[in-house]
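J.: please find the sequence and the predicted model below.
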Amino acid sequence: MDIVVTGANGFLGRHLVHALERAGHLVLPITRSTSSVERSSYLRRADAVYHVAGVNRPERVEEFTTGNVDLTEAIATELLSYNPVPVFFASSIQATQDNPYGNSKREAEDILRLYGQRSGAPVHIYRLPNLFGKWGRPFYNSAVTTFCYQIARGEEITVTHPNHVLTLAHVDDVVASFIETLHKTESTNPDVPTHQITLFDLARMIESFEAVRMARGVPDVSDPFTKKLYSTYLSYLPKERMVTPLLMHQDVRGSFTELFKTPDRGQVSVNVAKPGITKGEHWHESKHEQFIVVSGEGVIRLRLMDQDQIISFHVSEEQLEVIEIPPGYVHHIENTGVKDLVTVMWVNEPFDASQPDTYRATVAQDAEVS
């Protein structure tokens with residue numbers, strides 16, 4: 001399909017253009033620099049129109065009318081005269097408010113509803129709250145964008161109205177709804193998932209992300225809003241903060257490096273063993289681990305405490321396998337190759353020096369091997 005997107009280089013428009021192109025559609029972008037002749041040409045060949053352009057922070061109040069009402073009128077007139085196709089409109093929850101911006105959005109809605117009645121084409125009106133996500137412009141698009149940008153750079157943030165409640169929608173959820181509605185033949189007023197949070201809690205939450213990152217942790221992202229907000233925060237990291245040197249515990253045997261920790265899903269580390277080296281020789285009461293050899297070759301051996309039989313697993317970069325290390329098994333890993341043996345290790349809980357749950361014992365090499 002040939003699809004017009006107005007405001008194609010704006011925050012919402014940019015995300016929408018990429019999603020439509022991924023879905024195989026040809027996007028006809030309309031921006032501030034598009035001439036009226038080119039705009040008319042695009043509208044006359046379109047199979048659908050996503051009207052997401054709008055003015056929300058003008059220098060002069062009159063721009064609400066020219067940017068929101070007059071542009072919508074021009075689009076509706078062109079389509080009604082030459083090409084009555086479905087229209088998707090990014091309105092605002094402020095359309096219910098008596099202010100210049102809300103009034104202009106409500107007028108634009110009325111124009112498009114009348115267009116739908118006269119043309120018979122479906123019109124889908126989205127009353128959107130504040131949007132957040134990657135690619136936003138700090139100090140312009142939203143408090144989320146500004147807070148993420150400042151905290152990611154170690155700047156002090158200012159929360160002037162801490163108890164103010166924001167209603168937020170993630171831009172990806174809006175785009176997904178836009179595309180899902182593309183082939184609906186009846187006019188709709190679709191909803192998108194929203195999240196409410198005070199400015200104070202929003203600021204503290206984003207600050208907590210930074211604290212967790214500095215501790216090489218990962219926040220609990222089982223909550224959908226936390227997951228979306230954390231991803232948004234990471235998208236505003238400056239180049240120099242995308243690299244984090246890790247503390248490598250090194251000796252003649254190799255190294256051990258903690259990669260990241262989670263509050264409820266354990267810890268991931270990278271272990272390097274030099275050729276001929278055996279590392280481990282311990283067991284855990286309740287901890288359990290998983291080992292994946294990603295470079296080199298070796299043998300992982302386990303022995304159930306108070307028993308003699310050894311279980312052996314030959315591991316290699318040639319075949320990635322997950323080896324389970326259950327609680328109660330003495331275990332070690334031996335590098336039997338000619339280069340460093342690199343193992344990614346997951347354990348079900350972050351290391352706690354006060355309760356390490358790690359006890360020295362030896363896997364008896366001369367016991368019966370199976």
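T.: Structure's in. What do you need? These numbers were taken from a predicted model, which means no experiment stands behind them. Numbering: from 1, shown residues only.

J.: please name the nearest non-neighbouring residue to the most centrally placed residue in the chain.
T.: When C-alpha atoms, centre = their mean is applied to the chain, the residue found nearest the centroid is residue 231 (3.6 Å). Distance criterion C-beta to C-beta, 6 or more residues apart in numbering; nearest residue to residue 231, sequence neighbours excluded, is residue 134 at 7.5 Å. In this view, the C-beta of every residue, glycine as well, is placed from N, C-alpha and C.

J.: show me what contacts that neighbour?
T.: Residue 134 is in contact with 171, 231, 232, 235, 236, counting by C-beta atoms under 8 Å, 6 or more residues apart in numbering.

J.: ok, of these, which one's closest to residue 35?
T.: Using C-beta to C-beta, the shortest approach to residue 35 within the contacts of residue 134 belongs to residue 171, at 28.1 Å.

J.: burial check on the closest one, number of neighbours?
T.: When neighbours are defined as other C-beta atoms under 10 Å, residue 171 has 23 of them.

J.: local confidence estimate at the residue nearest to residue 231?
T.: We have a pLDDT of 96 for residue 134.

J.: what distance do you get for it to residue 302?
T.: The gap separating residue 134 from residue 302 is 44 Å, by C-beta to C-beta, to the nearest Å.

J.: all the strands of the stretch 201-350 of the chain, residue numbers only.
T.: In the stretch 201-350 of the chain, the strands defined using DSSP state E, counting those that start in this stretch lie at 248-251, 254-261, 267-273, 278-283, 289-295, 297-304, 310-316, 323-325, 329-335, 341-347.

J.: pop out the phi and psi values for residue 142.
T.: With angles defined as degrees, to the nearest 10, residue 142 sits at phi -170, psi 160.

J.: can you check the one 4 residues further on too?
T.: Note on residue 146: its backbone torsions stand at phi -60, psi -50 [degrees, to the nearest 10].

J.: surely it is in contact with residue 139?
T.: Yes: judged on C-beta atoms under 8 Å, residue 146 makes contact with residue 139 at a distance of 5.4 Å.

J.: those two: which has the busier surroundings?
T.: Each of residue 146 and residue 139 has its neighbours counted (other C-beta under 10 Å); residue 146 has more, 20 against 10.

J.: for the more buried one, which non-adjacent residue is closest in space?
T.: In this structure, residue 146 finds its nearest non-sequential neighbour in residue 138, 4.8 Å apart by C-beta to C-beta, 6+ apart.

J.: burial count for the one you found?
T.: Neighbours of residue 138 (other C-beta under 10 Å): 17.

J.: burial count for the closest residue in space to residue 291 that isn't next to it in sequence?
T.: Spatial nearest neighbour of residue 291, chain neighbours left out: residue 323 (4.6 Å); criterion: C-beta to C-beta, 6+ apart. When neighbours are counted by other C-beta under 10 Å, residue 323 registers 17.

J.: can you give me the distance of residue 323 to residue 339?
T.: 20 Å.

J.: over to residue 49?
T.: Separation of residue 49 from residue 339 (C-beta to C-beta): 59 Å.

J.: between these two, which one's more packed in?
T.: residue 49 (27 against 12).

J.: settle this for me: the more buried one is touching residue 7, isn't it.
T.: No: contact criterion C-beta under 8 Å: residue 49 and residue 7 do not qualify, at 11.5 Å.

J.: and the helix ranked longest in the chain, which residues are buried?
T.: Determined from DSSP state H, the single longest helix within the chain is helix 100-119. Within helix 100-119, the residues scored as buried using 16 or more other C-beta atoms under 10 Å are 100-109, 111-112, 115-116, 119.

J.: pLDDT score for residue 368?
T.: We have a pLDDT of 45 for residue 368.

J.: ignore the last one, residue 175
T.: At residue 175, the model reports a pLDDT of 97.

J.: got the CA positions of the longest helix of the chain in PDB?
T.: Provided in PDB are the C-alpha atoms of helix 100-119 (Å, rounded to 0.1, in the frame of the first residue of the first chain):
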ATOM      1  CA  PRO A 100      -6.000  26.700  22.500                       C
ATOM      2  CA  TYR A 101      -4.300  23.400  21.900                       C
ATOM      3  CA  GLY A 102      -7.200  21.300  23.000                       C
ATOM      4  CA  ASN A 103      -9.700  23.400  21.000                       C
ATOM      5  CA  SER A 104      -7.600  23.100  17.800                       C
ATOM      6  CA  LYS A 105      -7.400  19.300  18.100                       C
ATOM      7  CA  ARG A 106     -11.100  19.100  18.700                       C
ATOM      8  CA  GLU A 107     -11.800  21.200  15.600                       C
ATOM      9  CA  ALA A 108      -9.600  18.900  13.600                       C
ATOM     10  CA  GLU A 109     -11.500  15.900  14.900                       C
ATOM     11  CA  ASP A 110     -14.800  17.400  13.800                       C
ATOM     12  CA  ILE A 111     -13.400  18.100  10.300                       C
ATOM     13  CA  LEU A 112     -12.300  14.500   9.900                       C
ATOM     14  CA  ARG A 113     -15.600  13.100  11.300                       C
ATOM     15  CA  LEU A 114     -17.400  15.200   8.700                       C
ATOM     16  CA  TYR A 115     -15.100  14.000   6.000                       C
ATOM     17  CA  GLY A 116     -15.800  10.400   7.100                       C
ATOM     18  CA  GLN A 117     -19.600  11.000   6.900                       C
ATOM     19  CA  ARG A 118     -19.400  12.600   3.500                       C
ATOM     20  CA  SER A 119     -16.900  10.200   1.900                       C
END
